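**Student:** Give me the fold of what follows.
(one chain, ligands or ions: 2)
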Amino acid sequence: SAPEVREAPKKIAIIGGGIGGTAAAFFLRQEFGPAVKIEVFEAGTVGGRLATENIGGYEYETGGSVIHPLNLHMKHFLDRLGLSPRADVSSKLAIFDGKELTFEESDWFIVNVIRMLWRYGLNFIRMHIWVEAILDKFMRIYQYQQYGYSFSSVEKLLHAMGGDGFLTLVNQTLEEAMLAEGFSQVFLNDVVTPVTRVNYGQSVRINGFVGAIALAGADSGLWAVDGGNKMVCSGLLYHSKAELVPARVTAISMKMRPSKTGSAANFYEVNYVGESGAAHSTYDIVVVATPLHQGMSDINFSGFSPPIPTHFSGRYHQTVATLVHGLLNVSYLGTTEKPENFFVSAVLTLDKKASEIHSLSSLNPVKIPKGYSRSPASQRKVWKIFSSQPLSQKNLQQIFLSWDSVFEKRWLAYPSYSPPHRRTPPFILHDRLYYLNAVEWAASAMEMSAISARNLALLAHHRWYEQTAKIDQEDLHTRLRGEL
Ligand SMILES: Cc1cc2nc3c(=O)[nH]c(=O)nc-3n(C[C@H](O)[C@H](O)[C@H](O)COP(=O)(O)OP(=O)(O)OC[C@H]3O[C@@H](n4cnc5c(N)ncnc54)[C@H](O)[C@@H]3O)c2cc1C
Ligand SMILES: CC(C)=CCC/C(C)=C/CC/C(C)=C/CSC[C@H](N)C(=O)O
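**Tutor:** Ligands and ions are numbered 1, 2, ... in the order given. Take a look at the predicted model:
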C-alpha cells in the first residue's frame with residue numbers, strides 16, 4: 001500500500017449517538033489511532049432508536065429489541081465491552097386475522113413442522129433455505145471488512161456481498177422476489193405478511209432485501225443485551241474515548257483555509273445549539289449518523305457544490321409502540337382458551353383490513369429477575385403493541401380487561417420501502433463528509449448501522465491517505481476465497 005505521507009486528521013465530528021454514531025466512533029478510533037479528537041453530537045439520548053422505559057421498577061425495550069445470532073459486529077461489541085446477552089425466556093407465537101387465531105405454535109417442534117407442511121407444502125422449509133442463502137452471501141461483508149476493504153456507495157457494498165442478485169432484490173418487492181422463486185401467494189399472505197408487519201410495520205411490498213432481513217428477524221436464536229441494547233452505545237462511546245457533545249447540530253458548512261504549502265485546504269464547520277447556546281467547531285472529517293429525512297433531523301448544508309439537501313427524498317414510516325401493564329382480554333383474540341392456559345407471547349397479524357394492530361407481544365424486562373419464567377395471560381404483565389396509528393381508548397378497552405399504566409412512543413422507525421428504488425442516498429456527501437444512514441434504504445437494523453459504521457471508518461481512512469486499492473474492489477469474494 002502507498003506510504004502514509006499525509007498528516008493524520010486532528011478532529012472528527014459524528015452527528016448522532018445511536019448505534020450507528022457510537023459504532024462509527026469505535027471504528028474511527030481503531031482506524032485513525034489515539035491522537036485524533038472524536039466528538040459525538042447527540043441532540044436527544046445516547047442510543048437513539050435503542051431505548052428503554054421504566055414500568056413498575058423494570059426497564060423494557062421500546063425500540064430496537066432483537067439481534068440475530070449472525071450479527072457479528074453486535075456480538076463483537078458485547079465481547080469488547082464486557083456485556084452479556086440477556087437470559088433467554090421461551091416464547092410462543094400465534095397469528096391473528098382480526099377475528100381469531102389462524103395459527104398457534106405448539107410447544108412441540110414436530111407438531112409445528114407437520115402443521116406447516118400440511119398447510120403450505122414445502123414453502124416453509126424452502127423459505128428457510130432461501131433466507132439462509134441470502135445470509136450466507138451477506139456474511140461476506142465481515143471478511144471484506146476484516147481485510148480493510150470499503151465501498152463508496154450502498155449499491156457497491158450490496159453488489160460486493162451478493163452480486164447482481166442483491167441489486168435485483170432491493171429493486172423489487174419481497175412479494176415479486178418470492179413469487180418468482182415459486183412461493184405461493186397464500187403462503188405470502190398467511191405467513192410472510194405477518195412477519196413484515198411485525199418487523200417493519202409494512203406489507204410484503206417492501207424491497208426483497210429488507211424482506212429477507214425481516215424473515216431473518218423471525219429466526220430462532222435471536223438475542224438481546226442484558227441490561228438493555230442501548231448499553232452498547234454508551235459502552236462504545238466510552239471505549240472509543242470520544243467526547244459526547246449534548247447538542248443539536250443545525251448546520252454544516254464547508255470553509256477554506258490556506259495550507260502550509262500555499263494551496264487552500266477545506267474543512268468543515270459544524271454549528272450546533274447546546275445548553276449554553278449556539279456555538280461552532282471545525283473538523284477535518286464529519287460523519288452524519290442520523291437519517292437526513294423529514295422529522296428525523298434538520299441540518300442545513302451550506303457552501304457545497306453540488307448542494308446537499310437538508311432532507312433526501314423518501315419518508316420514514318411511523319410505528320407506534322404502546323406498552324401496557326395490564327390484563328389481556330384473551331377473547332379479543334377469538335380464543336376460547338382460559339387465560340390461565342394461554343401462554344402465547346407474540347401475536348402477529350394478517351393484513352391491514354384484518355387488524356389495526358401490527359403485533360402484540362408480551363415483554364420481558366431487559367434484566368431477567370431470578371426465577372422468572374413465561375407467565376400465562378391470567379397474570380398482569382407488560383404487553384407491547386405495534387401499530388401505525390396511536391391506539392384509541394376503545395382499542396385499549398377491546399384488547400385489555402384492565403391496566404395500570406400505558407406508555408406510548410411514536411417512532412419514525414424505518415424507511416417506507418417502496419421499490420423499484422429511487423437512487424439510494426450516497427455514503428459520500430462531500431470529500432470528507434459521510435452519511436452513515438444511507439444504508440437504511442437497503443435495510444434498517446442495528447447490525448446494518450454497525451456495518452455502515454465500519455465501512456465509513458475504513459472509507460474515511462483510505463480516502464484520507466489516498467489508498468484507493470482498498471476502495472470498491474471488484475470480485476473480492478473470488479479473490480479472498482481461501483484466505484480465512
Ligand atoms: C420500534 C423499533 C423496533 C426496532 N426493532 C429492531 C430490532 O428488533 N432489531 C434491529 O436490529 N433493529 C431494530 N430496529 C431498527 C434499529 O433500531 C435502527 O436501525 C438503529 O437503531 C438505527 O441506529 P442509528 O444509530 O443508525 O440511528 P438512530 O438510532 O436514529 O440515531 C440517530 C441519533 O441522531 C440524533 N440526532 C438526530 N439529529 C441530530 C442533530 N441534528 N444533532 C445531533 N443529534 C442528532 C438522534 O437524537 C439519534 O439519537 C427497530 C427500530 C424501531 C424504531
Ligand atoms: C442484518 C441481519 C443479517 C439480520 C437482522 C435480523 C433482525 C434482527 C431483524 C429485525 C429487524 C427489525 C426492524 C425488527 C423490528 S421489531 C422486533 C421484534 N419483532 C419486536 O417485536 O420487538
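**Student:** if we look at stretch 309-322, which residues are touching it?
**Tutor:** Stretch 309-322 is contacted by residues 62-63, 200-202, 291-296, 298-301, 358, 384-391, 406-416, 422, 425, 441 when judged by Cβ atoms under 8 Å, 6 or more residues apart in numbering. (C-beta placed from N, C-alpha, C; glycine too.)
**Student:** Are that stretch and ligand 2 in contact anywhere?
**Tutor:** No - judged by Cβ under 6 Å from any ligand atom, stretch 309-322 and ligand 2 are separated, with a smallest distance of 8.0 Å.
**Student:** Now that stretch - C-alpha only, PDB.
**Tutor:** C-alpha atoms of stretch 309-322 as PDB (Å, rounded to 0.1, in the frame of the first residue of the first chain):
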ATOM      1  CA  PRO A 309     -30.300  18.700   0.600                       C
ATOM      2  CA  THR A 310     -31.500  19.000   4.300                       C
ATOM      3  CA  HIS A 311     -33.800  16.200   3.500                       C
ATOM      4  CA  PHE A 312     -33.400  13.400   1.000                       C
ATOM      5  CA  SER A 313     -36.500  12.100  -0.800                       C
ATOM      6  CA  GLY A 314     -38.500   9.200   0.700                       C
ATOM      7  CA  ARG A 315     -40.000   9.200   4.100                       C
ATOM      8  CA  TYR A 316     -39.700   7.300   7.400                       C
ATOM      9  CA  HIS A 317     -42.700   5.200   8.400                       C
ATOM     10  CA  GLN A 318     -44.400   5.700  11.800                       C
ATOM     11  CA  THR A 319     -44.500   2.800  14.200                       C
ATOM     12  CA  VAL A 320     -46.200   3.400  17.500                       C
ATOM     13  CA  ALA A 321     -45.000   1.200  20.300                       C
ATOM     14  CA  THR A 322     -47.600   1.100  23.100                       C
END
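**Student:** What are the buried residues along it?
**Tutor:** Under the neighbour-count criterion of 16 or more other Cβ atoms under 10 Å, stretch 309-322 has 312, 314, 315, 316, 317, 318, 319, 320, 321, 322 buried.
**Student:** Closest one of these to residue 431?
**Tutor:** residue 312 (18.9 Å; Cβ to Cβ).
**Student:** Need the per-residue pLDDT for that closest one.
**Tutor:** pLDDT, residue 312: 95.
**Student:** Tell me how far it lies from residue 438.
**Tutor:** Distance of residue 312 to residue 438, computed by Cβ to Cβ, to the nearest Å: 8 Å.
**Student:** hang on, residue 23 is in a helix, isn't it?
**Tutor:** Yes - under DSSP: H, G, I helix; E, B strand; the rest coil, residue 23 sits within a helix.
**Student:** and the closest residue in space to it that isn't next to it in sequence, how many neighbours?
**Tutor:** Spatial nearest neighbour of residue 23, excluding adjacent residues (Cβ to Cβ, 6 or more residues apart in numbering): residue 453 at 3.7 Å. By the criterion of other Cβ atoms under 10 Å, residue 453 has 28 neighbours.
**Student:** Packing partners of the helix or strand hosting residue 453?
**Tutor:** Using DSSP states H and E, the element containing residue 453 is helix 446-464. Helix 446-464 sits against helix 19-32, helix 72-81, helix 140-146, strand 285-288, strand 433-435, with contacts defined as 3 or more Cβ pairs under 8 Å, 6 or more residues apart in numbering; DSSP states H and E.
**Student:** Before I go, just wanted to say thanks for your time.
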